[in-house]
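In: Sharing a model that was predicted from the sequence below.
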Amino acid sequence: MAEEAVTAANSGLVRRALSAVGVHGLVSSAWGYVDTTIKWWWWIPSRLPSWCPTSQIQLQTAEDMMLRRIGSSFSKRHVPVSNGNLLWTLTFTNDRVKDKTPMVLLHGFGGGVGLWAQNLDALSQRRPVFAVDLLGFGQSSRPPFSVDPCAAEDQFVESIEQWRAEMGLESMILLGHNLGGFLAVSYSIKYPDRVKHMVLVEPWGFPESPDPAEADRPIPVWIKALGAMFSPFNPLAGLRLVGPLGPTLVQTLRPDFKKKFSSMFADNTVAEYIYHLNVQTPSGETAFKNMTVNHGWAARPMLHRMDQLQHTIPINIIYGSRSSIDSNLGSTIKEMRPHGTMESITIRGAGHYVYADQPEDFNHRVLQACDGVV
């Protein structure tokens, strides 16, 4: 009885610690999977080919399934950048729009080109559109990144610039979600002549980490200690930890993704794609972790650098009305760039994945925002 009480107490302790350090989706439902896995993990033979049931071919197949409902013609290929790395790219263009400034889509953390499935047809009707898997994510190369936040960020930015040069694009509209929004601004600061317009969708990494001393309630010492214990792990390590239970885990913990794409798929296409995206070699994931402090806040907050961005680059920031991202960011940026063009757009009924929650409204607002770019 005493042993069972200790086990129960420890399980509760770790569950609370996981919640405290921001390991999303691995707190309540996931604990049952993790607990079961750990109990029988000891006898799994090392000769088994892979703990996680995934491969590059399976990721490619999952992406193909995500894109199967797209009506527009498009091409896809790996574009070479430096050090032998490749960026996976979807290209949507035709003779009618080929001379317009292209739009380049940069996905967020843990994402890939397939998540734009509900947007590509609409956005490519007025200009060429390129969807790119960021370095370290999706079907792009997954090289080692620097542990230094500034150097890791620069690796992302330089890969985008090398991709642009290889594609022969003189200038572009950058649309970035989450991490992609952060990198869009970082790129535009360094290469302002290459960017005609920016659309930041629920961007990550702008405000600085809040001071724990100013929190409403102090964080207990034991939570801080456990937070330090879990800090070496990558954000999605738990998904790889549960191995063969991973696909079921994604479906169980994130049924909302199936709902977001219900107009396109009735099966588990989206969950399978997200799973295979995020159990490959954690290259970009590790880079993202190295760019963060205090459980997900940016080590180099972008707000500290907005004064370096040329005021000639117009910005639109798009939020979902149900998102937890601070929508006051637009007002702050406008104050920092009084001579620049800045407009915030809120899409009703959408959460963090605005482009998937309300795709028709999102597509319309993006086209409208960029209509003046020739």
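Out: Cool, the structure landed.
In: For Cys370, see how far away Ile189 is.
Out: In this view, Ile189 and Cys370 are 20 Å apart by CB to CB, to the nearest Å. C-beta here means a position set from N, CA and C on the backbone, and glycine is covered the same way.
In: So those two - more neighbours on which side?
Out: Neighbour count, other CB atoms under 10 Å: between Ile189 and Cys370, Cys370 has more, with 22 against 18.
In: my guess is that one meets Val199, correct?
Out: Yes - Cys370 lies in contact with Val199 (CB atoms under 8 Å); the separation is 7.0 Å.
In: Overlap of the contact sets of those two?
Out: Ile173 (CB atoms under 8 Å, 6 or more residues apart in numbering).
In: where do the strands sit along the stretch 51-200 of the chain?
Out: For the stretch 51-200 of the chain, strands defined by DSSP state E, counting those that start in this stretch occupy the ranges 75-80, 86-92, 103-106, 129-132, 172-177, 195-201.
In: For the closest residue to Asp326 other than its chain neighbours, grab the count of nearby residues.
Out: Counting by CB to CB, 6 or more residues apart in numbering, the nearest residue to Asp326 once its immediate chain neighbours are dropped is Pro207, at 6.7 Å. When neighbours are defined as other CB under 10 Å, Pro207 has 17 of them.
In: Might one say that Pro207 is in contact with Ile333?
Out: No - counting by CB under 8 Å, Pro207 stays clear of Ile333, with 11.1 Å between them.
In: what do these two both touch?
Out: Common neighbours of Pro207 and Ile333 (criterion: CB under 8 Å, 6+ apart): Leu303.
In: what kind of secondary structure is the residue nearest to Asp326 in?
Out: coil (DSSP: H, G, I helix; E, B strand; the rest coil).
In: ok, so what distance separates His352 from Leu179?
Out: As judged by CB to CB, His352 and Leu179 stand 12 Å apart.
In: Report how many residues lie close to Glu158.
Out: Counted by other CB under 10 Å, the residues lying close to Glu158 total 16.
In: ok, and the closest non-adjacent residue to it?
Out: Excluding its sequence neighbours, the residue lying closest to Glu158 (CB to CB, 6+ apart) is Ser82, at 7.1 Å.
In: can you pull the contacts of that neighbour?
Out: Residues in contact with Ser82, defined by CB under 8 Å, 6+ apart, are Glu158, Ser159, Gln162.
In: Sort out which residues of stretch 276-286 are buried, please.
Out: By 16 or more other CB atoms under 10 Å, the buried positions in stretch 276-286 come out as His276, Leu277, Asn278, Val279, Gln280, Pro282, Ser283, Gly284, Glu285, Thr286.
In: No more questions from me, cheers.
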